[in-house]
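Enquirer: Need the 3D shape of this:
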Amino acid sequence: MTAFILIGLLCLVVGVMHLFAPEVLVRISGFLNRIISTDHKTMKYRVGAGLVFIILGLFFLFMAYYLVNSRGF
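Expert: Numbers count the residues shown, from 1 in each chain. Coordinates of the predicted model:
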């Protein structure tokens, strides 16, 4: 469950960075290329990629919320 939260937060951060701070992604692309490709195609379609990451992040956070509440914790 903690993994869902961490993955969700990571996806949200990367998605927001794609939408609002692509220059930051380019500057730290040396580190991010291990996680996500920040090549020219990704930057060309950065709005779509950002929205996909935000949707994935919300999905993972929802799944973490759902798992906590379905177990009765």
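Enquirer: From the chain's centre, how far out is stretch 64-73? Work that out for me.
Expert: In terms of CA atoms, centre = their mean, to the nearest Å, the gap separating the centre of stretch 64-73 from the centre of its chain is 22 Å.
Enquirer: worst-scoring helix or strand of this structure, pLDDT-wise?
Expert: Within the chain, no helix or strand scores below helix 29-32, which has a mean of 69 by mean pLDDT, DSSP states H and E.
Enquirer: List the buried residues of the helix or strand just after that helix.
Expert: Downstream of helix 29-32, the first helix or strand assigned by DSSP states H and E is helix 40-44. The neighbour-count criterion (16 or more other CB atoms under 10 Å) identifies T42, M43 as the buried residues of helix 40-44. Every residue, glycine included, has its C-beta placed from N, CA and C.
Enquirer: what helices or strands is the longest helix anywhere in the chain leaning on?
Expert: The longest helix of the chain (DSSP state H) is helix 46-71. Here helix 46-71 touches helix 2-20, going by 3 or more CB pairs under 8 Å, 6 or more residues apart in numbering; DSSP states H and E.
Enquirer: I'd like the average pLDDT over the helix it packs on.
Expert: Computed over helix 2-20, the mean pLDDT rounds to 92.
Enquirer: how close does the most centrally placed residue in the chain sit to V24?
Expert: Residue closest to the average C-alpha location in the chain (CA atoms, centre = their mean): C11, at 1.3 Å. C11 sits at a distance of 16 Å from V24 (criterion: CB to CB, to the nearest Å).
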